[in-house]
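K.L.:
Next comes the sequence, and after it the predicted model I'd like to discuss.
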Amino acid sequence: MEGSIPSTGNSTYQYLKNGDTISLLIVIDGEKVHGDLSYAWKEKDRNTGHIEGELKGDLILADYTFLSEGQESVRQVAFKLSKEYALEGYGAMEEKAGKMSFVDINKLAFDEKFPLRNVSGDK
């Protein structure tokens, strides 16, 4: 059963399967969202960084600043939240002002192949 998203507080979402891990720790303060995001793919590079953005309804739109292969990069990320899951949004991207941004946030596809389960104790 999906519930509403709290307007304040911390939540942790994780995907763990076949040695792959995605972790999203978010702090929601009204419409502002910040937190940590990491991707650890089995036998591939690991990305760990910080997100800073906004919550619009059930959608987080944020800048993800991370280190990959020793270089700092910034790309836009999107997550659709429910009480139980966070689904990452994917779509065409382009470079704008030194960061990778979505071309059209209205055309994002939310991938259910990698559902991040809410592992917080606040369900």
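P.N.:
Nice, I can see it.

K.L.:
tally of neighbours for Val119?
P.N.:
Applying other CB atoms under 10 Å, we find 13 other residues in the vicinity of Val119. The way it works is simple: take the backbone N, C-alpha and C, and place the C-beta from them, glycine included.

K.L.:
swap in Ala78?
P.N.:
Residues near Ala78, counting by other CB under 10 Å, number 19.

K.L.:
got it, and Leu55?
P.N.:
20.

K.L.:
partners of the one helix or strand it maps to in the sheet?
P.N.:
With secondary structure defined by DSSP states H and E, Leu55 is part of strand 46-56. In the sheet, strand 46-56 lines up against strand 32-40 (antiparallel), strand 59-68 (antiparallel) (DSSP bridges).

K.L.:
Tell me where the model's unsure across the protein.
P.N.:
1-7, 121-123 (pLDDT under 70).

K.L.:
redo that, cut-off 80
P.N.:
1-8, 45, 68-70, 121-123 (pLDDT under 80).

K.L.:
Find the centremost residue of it, please.
P.N.:
Nearest to the mean C-alpha position of the chain, by CA atoms, centre = their mean, lies Phe79 at 5.0 Å.
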